[in-house]
Each structure stands twice: as structure tokens, then as C-alpha cells.
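Participant: Quick one, structure for this:
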Amino acid sequence: MNKVLGFNGTQLHPVSREPDNGYRFYVSCDGEIGLRIAPDGVKTLIKGTPTTSANSKDPSNANRKQRYLQFKDAFGFHNPVLVSHAVYLAWSGQPIPPEHQIHHLNGIVTDNRIDNLLCVSISEHFRIADVRQRAIAALLPDGDLRCLPYERLRYLQDPHGLSDDEFKKELETLRASINS
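Facilitator: All right, here's what the predicted structure looks like:
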């Protein structure tokens, strides 16, 4: 495995994906910096660019105000990588299992900090994580989930952490603390 790099005072971790053309790719923990290293050692800084979700079958997704970010040509020509996936792969040290997606805890798909990312199965993502996220947002002023700590958001939205009944109790506790 490639070692961690320092670049302009920022720590970059290698994205654990096996390129077939010799390119290596590194990313910062917030996804702001992507660094591609070609087989000849040439370094290229790559910025995230907006795209629709690679998994989305919903044509209305193209009109969303927030669009997922991707690193174009991360591993060479025509090999884009979603920024959230690159950050998760590099900083968690875990591969994304088949049939899993990366969920943004605060609902902002351009906020790709490792603290804001949770790997869940596709069914859990739509059945639990997104539903819970909307329920929490409905309680908060302006629906802004950023006012809650990430540890709390992760705990409330993790499909393996709380049963539905436990989540409802936690939601009532949150409601009471907001109203007091």
C-alpha cells in the first residue's frame, strides 16, 4: 500500500483502489484536495467537479441544487471517482462492499469530510438512513443538521445502531431538548 503524503501542509491518504494503468491517487480527509501521481512521477492536483450521482436512476436528480462531486480522471483518462467514495476509501481503510452506498449524515452531498460519511447498504440507505435524516431535520430550525455533532448524527442514522423504537425515543428526547 502507498504511504501517506504531505502536500502543502495537508495530509493525504492513498485511495485504496487498484488502478490498472499505474496511476496512484491521494485525497485529503475533507475531499478538498485530490492528487494524482502518474507512473512517471508527475503530480497533478485534481479538484472535484459536480456531477449527478453515479447510482441515481432518478432523472430529476440532474436538477438538484446540490450535486455530488467527483474527481475526474483520478486514475487516468476517463476514470472518475466520486469524492465521497475516495474520502471513505482513503480515510476509513475499508473497501465499500458491493451493494453499499455512502450516506452524507448532514444531508449536504458536497460536504465530503470523513466525519460526515457513513457506509450503508442500498436498502438501508433508502429505508432507514434517509428517512431518519428527514425526521431529524424536521425538528431542527431551518432543517439544518449541521447544528448537531457528527457523532450524534451517526448514532441516530446508523441502521445497525438503533432499532426503530429506540430511534423514536431518541427523536422525542431531541424534540424535548429543542423545545426547552
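Participant: mind checking how far Pro131 is from Phe75?
Facilitator: Rather than Pro, residue 131 is Val. Val131 sits 35 Å away from Phe75, going by Cβ to Cβ, to the nearest Å. Using the backbone N, CA and C atoms, a C-beta is placed for each residue, glycine as well.
Participant: Same drill for these two, tell me which one is more crowded.
Facilitator: Phe75 (20 against 14; other Cβ atoms under 10 Å).
Participant: can you give me the strands for this structure?
Facilitator: With DSSP state E, the ranges of strands along the chain come out as 5-7, 10-14, 24-27, 34-37, 43-46, 48-51, 68-71, 81-82, 100-104, 117-121.
Participant: Columns mean neighbour count and distance to Cys147 on top of the ones you listed, output as JSON lines?
Facilitator: Shown next, in JSON lines, are those (neighbours: other Cβ atoms under 10 Å; distance: least, Cβ to Cβ, whole Å):
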{"stretch": "strand 5-7", "mean neighbour count": "12", "distance to Cys147": "32"}
{"stretch": "strand 10-14", "mean neighbour count": "18", "distance to Cys147": "27"}
{"stretch": "strand 24-27", "mean neighbour count": "25", "distance to Cys147": "27"}
{"stretch": "strand 34-37", "mean neighbour count": "22", "distance to Cys147": "29"}
{"stretch": "strand 43-46", "mean neighbour count": "14", "distance to Cys147": "32"}
{"stretch": "strand 48-51", "mean neighbour count": "16", "distance to Cys147": "25"}
{"stretch": "strand 68-71", "mean neighbour count": "23", "distance to Cys147": "23"}
{"stretch": "strand 81-82", "mean neighbour count": "24", "distance to Cys147": "26"}
{"stretch": "strand 100-104", "mean neighbour count": "22", "distance to Cys147": "16"}
{"stretch": "strand 117-121", "mean neighbour count": "19", "distance to Cys147": "18"}
